[in-house]
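>>> Provided below are the primary sequence and the corresponding predicted coordinates.
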Amino acid sequence: MTRPPSTPSNERTGRRNVRDIDALKKRGPERWVYVGGGSTLCPAWQNGADHAGSPYDPVGFRFGVHGDLEFKGVVDVSAFTSGDVAWTMPAEYVPENDLPVATFVWNGTMLIPARYDVSSSTGDVTLTLTTTEAISAPIAVDLRNVSVNAYFAAAALTNFTIGRWGMVNDVDSFIYGVVRVPDSFSTLAIRLLLSSPTTSGDVRMEVATRAVGDGDTIDSTITAETAQTISLTTAMKYATFPTSGSLGSSPAVGDMLVVQIHHDGDHAADTLAVDLLLWGAWLVVT
């Protein structure tokens, strides 16, 4: 099935009068004009933009039955920079006013939201891309109650009670969990939510993962991200591993991701004098 469908705008182009629209309603919308032909009627791609290919429709535009400018198909922006011109509209399709149109584009890995901005002065179609993290909710890591020098307990707070992990100070402690890799992503990271129960201090933390796919052996090398020294107080503190880029274990779509959370409590940089608290762990998808 072709996704996404056509993305008609709700903006009048100003190029069709009432008589034209009545005629369009009788005979239906105009034929699609497709991008990529390089002729007057089929504008050429610019700045690395291209059609995303099967299973997506070719990128095209036309006037609908109400005189609105409609678009369909999916643009491949894997070799494209946000804010550049993707193609220029033929003169007869240039709108009377600047025209923004919401759409989706292909970034080489997944569909991400974007916006066409059609210029009323030049006819240039500029693509503005949206960061994927804004639409990709983090996925909770299932912490499986498997640990070394760590424990799970209820925290009876003033307004509610919630469970959290404790990781023993001054020794190596580990907590293990699993999470499924989603069906589409660009980068993956593990995010922890930490705090201290009473005092302030630094903790030395490390996250390692093992991606397990169909036919793989589960008992294999686990890949550690760069360790971080994190300053804690009683306030909540997020820490993300890695701080940039994607997990070093190179997970694939659908893999079971084994997650090891390591508190290096006997490291010289670890100064927190009490057990640190782990409130949750998430797989961050971008």
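Received it, and whenever you're ready, just let me know what you need.

>>> domains of this protein: list them as residue ranges, please.
Listed domain ranges for the chain are 18-130, 139-285 (source: automatic domain parsing).

>>> low-confidence ranges, the stretch 101-250 of the chain, go.
131-137 (pLDDT under 70).

>>> quick one: the helices in it?
Using DSSP state H, counting those that start in this stretch, the stretch 101-250 of the chain contains no helices.

>>> which residues of it fall in strands?
Along the stretch 101-250 of the chain, counting by DSSP state E, counting those that start in this stretch, strands occupy 111-118, 124-129, 139-140, 142-148, 150-156, 161-167, 172-180, 188-195, 201-212, 223-224, 228-232, 237-241.

>>> quick one, which of those gets closest to residue 65.
Nearest to residue 65, of all the strands of the stretch 101-250 of the chain, is strand 111-118, at 19.4 Å by CB to CB. Backbone N, C-alpha and C define where each C-beta goes, glycine included.

>>> quick one: contacts of that closest one?
Strand 111-118 is touched from outside by 3-4, 69, 71, 74-75, 77, 86, 89, 94-95, 98-106, 124-132, 135, 184, with contacts defined as CB atoms under 8 Å, 6 or more residues apart in numbering.

>>> same check on stretch 44-54?
In contact with stretch 44-54 (CB under 8 Å, 6+ apart) are residues 35-38, 58-59, 73-77, 79-81, 84-88, 105-106, 127.

>>> how many other residues sit next to residue 83?
By the criterion of other CB atoms under 10 Å, residue 83 has 11 neighbours.

>>> ok, it to residue 67 distance?
29 Å (CB to CB, to the nearest Å).

>>> give me the subset of the contacts of stretch 44-54 lying in strands.
75-76, 85-88, 105-106, 127 (DSSP state E).

>>> what's the farthest-apart pair in those?
Spatial extent of the ones in strands among the contacts of stretch 44-54 (CB to CB) is set by the pair 88 and 106 at 21.0 Å.

>>> in the sheet, who's paired with residue 240?
residue 191 (DSSP bridges).

>>> number of residues surrounding it?
As a burial measure, residue 240 scores 15 neighbours (other CB under 10 Å).

>>> list the contacts of it.
Taking CB under 8 Å, 6+ apart, we find residue 240 in contact with 189-192, 284.

>>> ok, of those residues, which one's closest to residue 158?
Using CB to CB, residue 192 is the member of these that lies nearest residue 158, at 24.1 Å.

>>> the closest one and residue 164: what is the separation?
Residue 192 is 12 Å from residue 164, by CB to CB.

>>> more neighbours, the two?
In this view residue 192 and residue 164 are compared by other CB under 10 Å, and residue 192 has more residues nearby, 22 against 17.
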